[in-house]
Every structure is written in structure tokens, then in C-alpha cells.
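Asker: Requesting a structural model of the entry that follows:
(4 chains)
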There are 2 protein chains.
Amino acid sequence: MDQLRALRYFCKVAETGSFTKAAAAFSVPPSSLSRRVAALEDSLGATLLKRSTRAVQLTEIGQLYFQQVADILYRLEQSDEAVRSYQAKPMGQLHISVMTGFGERMLLPLLDEFKALYPEITLDLSLSDTVSNLGRDEVDIAIRGGYAPNERVQAVRLMDNEFIPVASPAYLQEMGVPTSALELTRHRGLFYRTPMGPSPWLCEIGGQWHDVAGIPTAVSNHGKWLAQLAIEGRGIMMAPRWSLVDYLASGKLRELHFDTPVRVSQNAEMAIYLLYQKQQYTVPKVKAAVDFLVARLREG
Amino acid sequence: MDQLRALRYFCKVAETGSFTKAAAAFSVPPSSLSRRVAALEDSLGATLLKRSTRAVQLTEIGQLYFQQVADILYRLEQSDEAVRSYQAKPMGQLHISVMTGFGERMLLPLLDEFKALYPEITLDLSLSDTVSNLGRDEVDIAIRGGYAPNERVQAVRLMDNEFIPVASPAYLQEMGVPTSALELTRHRGLFYRTPMGPSPWLCEIGGQWHDVAGIPTAVSNHGKWLAQLAIEGRGIMMAPRWSLVDYLASGKLRELHFDTPVRVSQNAEMAIYLLYQKQQYTVPKVKAAVDFLVARLREG
DNA sequence: TAGTTTATTGTCTTAAAGACAATAGTGTGG
DNA sequence: CCACACTATTGTCTTTAAGACAATAAACTA
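Answerer: Numbers count the residues shown, from 1 in each chain, chains lettered A, B, ... in the order given. Below you'll find the predicted structure:
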């Protein structure tokens, strides 16, 4: 018996909840599926599906088996694809998902060069701050401020993601330069909104974490707008250092230094990671893009 | 084409390095394997094996494909087995691997009851302090002082594994009761040897870690012998609290208290974990044993 | 209750995998 | 250096299993 085909049939039936629909997806008569799935159940000695002539639903064990088999089939598909595309040149659709701010500022400037290097790769770029599940769906490469979700995913550390407090010279002249983190609460604050809510201003004093957030003047998920407000002297902003290098160099914004540093997370090791699935690295388009991006974006 | 069969053939050829040997393993003529593997290569559009009439070896991509496919086949096998044994009662071989000391003292006393409960389970117990790879081979359940190696493995925290310094009253009378961790260096020490070497005595003073190990009197990987020596007043021993409850209760040994606690590892969260593969939990014998052991061994 | 949809089963056809013998290539040993 | 033994492949036939199509039984809906 062709077990793999039986598994594919079973999974399709489980997904669609119908032998007829599943059969249509494979362009074979429903009878074929019925036979193969029945044979599979027979060989396993368990009923995977509760059938009535009207509806099909998974049994408890069927549910479990389906989850595992679906993953197995997916991984096999991926391995096959990796071999098939091996020794081909980089080409095809490449889906990259990246944090909005980082994407705009750091990634977009590189893409022209990349497209010139690999004209046969069609880039599909998603700028979004919500986490994409690299695991299952169509994202090939993700750039995120976090670690690898599991062992199948490779994480390459690109750069630091340290948030630093900044303000314009005008603002500091008007309001005074805060000399300690605790003073920040008396200042005006420009807050970045993450998917988990506005990012706090935290500082650790004697093992205790304090929220030293200033008085909110603006909250946004658009870093550039907040930076604009900061330059106009509207308040103090916490932002990643990489997003501020231009402003700091030109003197439009100044970094604030305290004895006890201010952070946006209790987690010290914030960094930007490039993530991809290990097995996908053999696929030329993925390898080309990973190598290119790491070469251009990694520092340190 | 029966892809799965082709994959099994391919893997066997890759493992044995010979079509003939692989064919023998399946009890089919070598020609079948030759055909199926060739068909597989054709469908993938890549050569997986470098053949000469005398030897067969994997190509670079073949190597990669083999690794992935071998894992996929293994997992499929496991899933099938899980379904097959579902709804059967707990029976068969059950391989448990456990740290020597913990196994002797905590596990062995439970096994009579377990065997009475599940007479059809044949227990195969390994007492060893070297890590067994739960991942691939024949260990169903492991009890270890460490975390889950990967996401497929479930880790249940059983109990604390805090090491405490103890000595006999006689020893303390003779040598004096140390009042600070640093004084330990002047005392005689009984050291437990882990697979990574004798476990140190550490203590953190003002953010700095110090080795406060005493003068070695004995080193062994056999906790009971060290405990015996300690009772005889031969020195101070660091051992897990669970292994000492009897001695502490009977007054044969006394716990030493310091302002700065002494540890055997810089890692604070040492604990005993029961480990098993998530997917195996549906297998009755595994579920029965996990449930039984967790119920009896978990505290807190 | 009648009608329609859906899964299953029987029978035939078609495709693919196994068996066996024969061939070609490659090391080893005399 | 040559013959022998071993191994992978290929050709041909047989056998097995999957697909196609029609018919049947069950179940939800109107």
C-alpha cells in the first residue's frame, strides 16, 4: 500500500472534513480516498475518522495522528523542495517579514542592490511588528527583535537593539537636562507602541524595577513621527540606537546618560535577529538572501 | 510511485552503503531498490548517491536529504506506533534511565508497587549519571537534573535539587562549626564526582564567585559511601537535600548554615526533571509510568 | 416524507512494483 | 597482469495495488 498517499488523503479529508472535497483536491473519485483511508485505519488498527454520511470528524486519536502527520508531510515537502531547488540558481518568490522601523530604515536601502544581484528573485516584503509564524506559512526570512522560537529555526544576531533616551537640545535647554533616571517622570514622553502596548520606561535601582515613564505627549507605532516630534522639542523619546545614528551625528538629538540606565524591557539582551528555517538554507534563493543580508546588516 | 517505500529504500542504502545489503534487509531483490531509488532521484532531479559497482556513497545533497528523511521516517514510525498502541492496555518493554543516586534512593522503592499495578510492563532500568539521548534511542523516560533538551521533549519538574553542606556532630565538635562559607577551605571535604569532574563548592560574595572547596579527603561518584564517611566524621559533604532527609532526621548529620549559601553550580535553578517525548505520552505504558512517577515523586 | 448529498462497495481497467535472469563494471588476489 | 568474485543495473514477465465508474445505503433538509 502506498502509505504516503494514504496519509496525504487522510490529511486532506481531515482538513476539509469531507471525502468529496478532498477527492476533488486530488482529482480522483471519492471512492479512492475512502478505500485508502480505510486501509490506513486498518493497518493502524484504530479508527481515525468518525464518519456519517453527512459529516466526517476526527476521533481523539485521529486528531493527534493528524497533527503529527501533517507536520511530517510538511517537512517532507520542504526537504523535497530543498533538493529539487538545489543546484538551481537563486530565483522565485522570496517572502521577507521585517519589523516596520528596521525595515524602512535599514532594509529598504539595500534592496535595490539585492535586486540587481539576483534579478530572478521576486521579493515579497512584509513590514509588520506582529510576529509572523516562520514555522508554517509562507515567510522565508524574518527579522525580529527576539530569539529563535524553536530549534528548527536558525537565528543570526544582526545588531544590538538597545533603546536609549534622547531629546533635542532645545527641549533640554528649556526643560533642563535630567541627571537621574527618576527625574524622567517629570518630563514629557514620546512613547512607542508595540503590539503589546506602549513600551514602558524602566530602570533597575537596587534590584527593584521602577517605571520612570514621563508624562505622555504622544504615543505611536510610527517611529519616524515620534523622532520628528522629539526633534521639534516635544519630549523625550526611547528608541533603538540604530534608528538614531543620523540624528545623533547631526546633533538634532542628544543621548541622555544616567548612572542607572533606562530600558524598555527587563530583558537585558535585546537584539535584532535574522531568522530562517535551517533546512531552507539549501534553497538557493534563501541562502543568497540570508548571506547577503547578514553580510550587510551584521555588525560587531 | 510509492514515495515512502522509495525513501525507506534510499535510507537503508545510505545506512548500509550497499544496495545488496539493503535489499536483503527488505527481503526483495536488489533490482527493486535500484529502480525505486533511481525513480526517487529522477523525481527530485538530483543524484543522491554516487554509485560505482563496488561502493555507494552519498552526495552532498544526498547527505542532507538523508538526514532529514531519516528523521521524518523515524517520527512517522513513532506516530504510527503511538496510534497502534492506543487503546491497548499498558504493556511491553519500558526503558527508564535515571541518575544513580536518585534512582537508588527514590525510584527503586516505588517499583514493586508499579510492577504490581502494571504486571504486563517489563521494566528496563538504567542507573547512570551520563546523559542518555532520549531523542533517538530506546529510552522512554529519563530522570535528570536538567532541563528539556528540545521542544519535542516534555520536562516535568519533580523536586528541588538543592545541594546543602552537611557534617556529623562528631566532626563539628572536633573541628569546630564553620560560621562562614569562606571557612570551609580549612575543612576536610568529601566530593561527589559528576561526569564533568568533582563538583566544586562555590559561593557568591558581592557578585563574585569563590571556590570554597575544602581539603579533599575522598572523591567518589557513589553518594552513599560519601555519606557513610560523613557520618563517620571524616569531613564535610555537599549533597542534595532529598538524599539526606533520613540522616538529618536521625541526627547523624547536621546541615551547615551560612549567610552566603554554598552551591555546587552557579546555576541557581537546579532541579530534578522527569523527561519524556511528548508524542509518546499517548502510548499507554509511557502514560501509565509518567503519571505514576509524577504522582509519587513530585513535591511542592 | 421525498429529495439530495455523501460515503461506501462491487467490478473492471490500468499502472506500477516485484521476481528472475542476464549484463556490465570494479576491485582483489593469485 | 589477468581472472575471479562481487555488485549495480537493465530487460522481460508476473503479480499486486490503485483508479474509474456505476450502484447502493445512510442522513440531513425542505
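Asker: Could I get the contacting residues of whatever residue of the stretch 151-300 of chain A ends up closest to DNA strand C?
Answerer: Nearest residue of the stretch 151-300 of chain A to DNA strand C, counting by C-beta to the nearest atom of the strand: residue A:279, 25.3 Å away. C-betas here are computed from N, CA, C, even on glycine. Neighbour list for residue A:279: A:75, A:78-79, A:82, A:152, B:68 [criterion: C-beta atoms under 8 Å, 6 or more residues apart in numbering or on different chains].
Asker: Single out whichever of the residues you listed has the smallest pLDDT.
Answerer: Among the contacts of residue A:279, residue A:152 carries the lowest pLDDT, at 77.
Asker: thinking it is in contact with residue A:277, fair?
Answerer: Yes - using C-beta atoms under 8 Å, residue A:152 makes contact with residue A:277 at a distance of 5.9 Å.
Asker: Look at these two and report which has more neighbours.
Answerer: Neighbour count, other C-beta atoms under 10 Å in any protein chain shown: between residue A:152 and residue A:277, residue A:277 has more, with 21 against 16.
Asker: Tell me what that one is bridged to.
Answerer: Note on residue A:277: beta-bridge partners residue A:153, judged by DSSP bridges.
Asker: do the same with residue A:218
Answerer: Counting by DSSP bridges, residue A:218 is bridged to residue A:190.
Asker: can I get the contacts of residue A:279 in JSON lines with distance to DNA strand D and secondary structure?
Answerer: Shown next, in JSON lines, are the contacts of residue A:279 (distance: C-beta to the nearest atom of the strand, whole Å; DSSP: H, G, I helix; E, B strand; the rest coil):
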{"residue": "A:75", "distance to DNA strand D": "22", "secondary structure": "helix"}
{"residue": "A:78", "distance to DNA strand D": "23", "secondary structure": "helix"}
{"residue": "A:79", "distance to DNA strand D": "21", "secondary structure": "helix"}
{"residue": "A:82", "distance to DNA strand D": "23", "secondary structure": "helix"}
{"residue": "A:152", "distance to DNA strand D": "31", "secondary structure": "coil"}
{"residue": "B:68", "distance to DNA strand D": "22", "secondary structure": "helix"}
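Asker: Which of those residues sits closest to residue B:196?
Answerer: residue A:152 (28.5 Å; C-beta to C-beta).
Asker: residues contacting the closest residue in space to residue A:117 that isn't next to it in sequence?
Answerer: Residue nearest to residue A:117 in three dimensions, not counting chain neighbours: residue A:292, with 7.0 Å by C-beta to C-beta, 6 or more residues apart in numbering or on different chains. By C-beta under 8 Å, 6+ apart, residue A:292 lies in contact with A:110, A:114, A:117.
Asker: Return the set of buried residues in the helix or strand harbouring residue A:292.
Answerer: Applying DSSP states H and E as the criterion places residue A:292 in helix A:284-297. By 16 or more other C-beta atoms under 10 Å in any protein chain shown, the buried positions in helix A:284-297 come out as A:284-290, A:292-293, A:297.
Asker: and for the helix or strand bottoming out on mean pLDDT in chain A, what are the contacting residues?
Answerer: Every helix and strand of chain A was ranked by mean pLDDT, DSSP states H and E. The lowest is strand A:197-198, at a mean of 82. Strand A:197-198 has contacts (C-beta under 8 Å, 6+ apart) with A:191-192, A:216, A:219.
Asker: just to revisit the earlier point, and the helix holding residue A:292, how far out from the chain middle?
Answerer: Relative to its chain's centre, helix A:284-297 lies at 17 Å (C-alpha atoms, centre = their mean, to the nearest Å).
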